[in-house]
Structures are given as C-alpha cells and as structure tokens.
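**Q** Could you look at this predicted model? Sequence included:
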Amino acid sequence: FGSSHCGSGAPRPVARAFPRSRPPARPHSEKMVKISVLRDCLNGIVNAEKRGKRQVLVRPNSKVIIKFLQVMQKHGYIGDLDIIDDHRAG
C-alpha cells in the first residue's frame, strides 16, 4: 500500500487520516485565552448581520474596539453606536 514503488525508486507518501502519535492532552486547569478581541467583535457583527439582527452586544470591550467601531460608524458601515461602561475592567 504505502511501500509500492513507481519506478522512481522512492516510496510514495501515504496520506493518513490520523497522526501516528497524538500530542499530550492539556491539563484541565488551563484556560483558553482569547487571541484577538477585535476579530471576535467583527465575527459577532458579521454573524448577527447574517441572522438579520439589528443590534449586537460586543463583549469584552476595549479601547481598540471602540476606536475601530467609531471609524466604521464615521464611514457609514454601522449605524448607532452605544458604549456602555460598566466599570469592570481596569
């Protein structure tokens, strides 16, 4: 199966559905870390638009997200923008 020769003298590579050895499982104590809050925000907006929603609650909030959404609003991509500060983050 994987060791047949096609005349070139080199064995053909075999595609496997699963790797031969699995990486060690992560301990349950580790938490998943958000890589990009801006990407999550934009994905939330796109998903809400696809479902026909007119309002999106974006969490967590950051200065970068606020500035980005204000620029999008200035250029007419989004309508009303309400920023609710709940004093939770530093």
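**A** Everything's here; your move.
**Q** any idea how far Asn43 is from Ile35?
**A** 12 Å (CB to CB, to the nearest Å). All C-beta spots, glycine's among them, are computed from the backbone N, C-alpha and C.
**Q** which parts of the helix or strand hosting Ile66 are buried?
**A** Per DSSP states H and E: Ile66 is located in helix 63-74. For helix 63-74, a neighbour-count test (16 or more other CB atoms under 10 Å) marks Ile65, Leu69 as buried.
**Q** Make 3 the first number, not 1, from now on.
**A** Will do, 3 is the new start, and the previous item becomes helix 65-76.
**Q** So for Ile37 and Asn45, which sits in the more crowded spot?
**A** Asn45 (11 against 7; other CB atoms under 10 Å).
**Q** And the more buried one, how close does it get to Asp87?
**A** Counting by CB to CB, the gap from Asn45 to Asp87 is 23 Å.
**Q** Test my guess that Ile85 contacts Lys65.
**A** No: counting by CB atoms under 8 Å, Ile85 stays clear of Lys65, with 10.6 Å between them.
**Q** Tell me the confidence at His77?
**A** At His77, the model reports a pLDDT of 95.
**Q** Can you tell me how far it is from Ile86?
**A** Counting by CB to CB, the gap from His77 to Ile86 is 23 Å.
**Q** low-confidence ranges in this structure?
**A** 3-36, 90-92 (pLDDT under 70).
**Q** And the helices in this protein, which stretches?
**A** For the chain, the helices defined by DSSP state H occupy 39-52, 65-76.
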